Every structure is written in C-alpha cells, then in structure tokens.
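1. Okay, predicted coordinates and the sequence, questions at the end:
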Amino acid sequence: MRDKAIFAGLFAVGMAILGASYLNLMRVNAETSPPEDHAGPVMVVEVAGEASGTMRIALRDDLAPQHVERIVTLAERGDYDGVVFHRVIEGFMAQTGDVEHGQIDGNRARWGTGGSEMANLPAEFTPQSFERGVVGMARSQNPDSANSQFFIMFAPAPHLNGQYTVVGQMIEGYEVLDAIKRGTGGNGAVMGTPDVMDRVTIER
C-alpha cells in the first residue's frame with residue numbers, strides 16, 4: 001500500500017508539472033499572435049516572381065517599438081521596394097530586407113550583406129515563440145546588430161526563441177509565403193532569379 005501511495009503521489013506531481021508546462025507553452029504561443037485589439041501598423045508586401053500576390057503582416061510595436069519604427073520608416077520611404085528574397089531555406093524561413101545591397105538589379109554577390117544608412121538597433125528580445133508566419137529581425141552574432149533585414153518563418157523554430165527580435169505576425173497571404181522561390185545555394189542562397197518585394201506599404 002505504501003508503494004502504491006508513493007507511486008500515486010509521484011504520478012500526481014508529474015502530471016502537475018506536465019500540465020504547467022503545457023499551459024506555459026500555450027500562453028507563449030498565444031502571445032505570438034497579435035492581440036485581438038491590435039491597433040499597430042500593418043505591413044503590406046506585394047511579392048513578384050514565382051510567388052505572386054500580397055502578404056499582410058501585423059507589426060508588433062507593443063513588443064519591439066524601435067524595430068517596428070525602423071521597418072515603418074523604410075517602408076514609407078520606399079526603401080524596401082524592389083528588394084529580393086535572397087536567402088530562403090525550405091522548412092525554415094525566407095529572408096529579405098537588405099535595402100543597401102539587395103535590389104533586384106544590384107550586385108548578386110552583395111545581396112544580404114547590407115542594412116540601411118541608419119544605425120543598428122538594440123535588441124528587443126521577448127519570450128514570443130518563433131512559429132509559422134512570425135517575422136523576426138535578422139542580425140549578426142552581435143545581438144544589437146539588427147538594422148533593416150527581416151525573415152518570415154515557414155515553420156516553428158524554437159531554437160530562435162529569445163535570441164532574435166519578434167517584429168510581426170502574418171495575418172494574410174500564407175499561400176504567397178509558401179510559394180516564395182527556395183534557395184539551393186550555400187546557406188539558402190537563391191540561385192537564378194529570386195522573388196522580390198515589388199512594393200511595400202504601411203496601413204495604419
């Protein structure tokens with residue numbers, strides 16, 4: 001009887017731990033999506049190439065105000081227009097936003113190596129999960145090196161959680177995201193003609 005009681009107690013503790021972990025996971029994942037009363041800006045990305053159509057991204061200025069302000073500034077200036085998706089990895093993410101070197105008619109060897117003329121941004125890391133459709137800011141090994149480039153997740157990537165700044169979540173256009181031309185070169189580099197952000201605007 002004593003052994004049964006010990007087993008029952010351990011089982012109950014184990015179930016409580018699992019339940020708490022599950023609830024915590026659900027809480028974090030739920031926070032990844034924009035709140036129902038999201039009143040922040042929405043980035044509208046018109047994609048041309050193998051993928052053709054429009055993606056709408058709710059920008060999370062409640063999580064990363066400095067990064068969102070940067071994206072809005074670059075979009076409203078037209079700096080993102082004509083920038084390619086230079087790095088696209090199947091089952092992981094599509095990266096774009098190099099306004100310095102990433103123009104479709106620019107030097108292919110330099111795609112993905114630039115940012116903007118503005119200063120790099122300090123990290124705004126949060127516990128939000130990198131789930132499908134989440135938009136994060138690209139950076140180098142320095143946590144405070146994000147500038148203009150961003151990536152959109154094809155699938156969950158828990159290893160990115162807390163390591164990159166979450167700036168948005170797709171709310172429309174997943175069929176366009178899924179159609180973006182995949183990279184086949186080193187580190188996901190897109191060969192041939194990449195897809196491009198033909199026009200990027202901001203809705204408020």
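-> Arrived safely, thanks for sending.
2. Verify the contact between residue 83 and residue 102 for me.
-> Yes: counting by Cβ atoms under 8 Å, residue 102 is a contact partner of residue 83 at 4.4 Å. To be clear about C-beta, it is placed using only N, CA and C from the backbone, and glycine gets the same treatment.
3. For the residue positioned nearest the centre of the chain, which non-adjacent residue is spatially closest?
-> Of all residues in the chain, the one closest to the mean position by Cα atoms, centre = their mean is residue 135, 1.9 Å from it. Once flanking residues are discounted, residue 135 sits nearest to residue 168: 3.9 Å by Cβ to Cβ, 6 or more residues apart in numbering.
4. What's the first helix or strand after the helix or strand in which that neighbour is found?
-> Using DSSP states H and E, residue 168 sits in strand 166-172. As assigned by DSSP H and E, the chain's next helix or strand after strand 166-172 is helix 174-179.
5. Next, the contact list for residue 111, please.
-> By Cβ atoms under 8 Å, 6 or more residues apart in numbering, the contact set of residue 111 is 84, 86, 98, 101, 102, 189, 194.
6. isn't the residue nearest to the centre of the chain right next to residue 150, touching?
-> Yes: Residue 135 is in contact with residue 150 according to Cβ under 8 Å; the separation is 5.6 Å.
7. list the residues that contact both of these two?
-> residue 167.
8. related to what we said a few turns ago, show me how far the strand holding residue 168 is from its chain's centre.
-> Offset of strand 166-172 from its chain centre (Cα atoms, centre = their mean, to the nearest Å): 7 Å.
9. just stretch 159-172 next, same as before
-> On Cα atoms, centre = their mean, the centre of stretch 159-172 falls 4 Å from that of its chain.
10. Show me what counts as buried in it.
-> 160, 161, 164, 165, 166, 167, 168, 169, 170 (16 or more other Cβ atoms under 10 Å).
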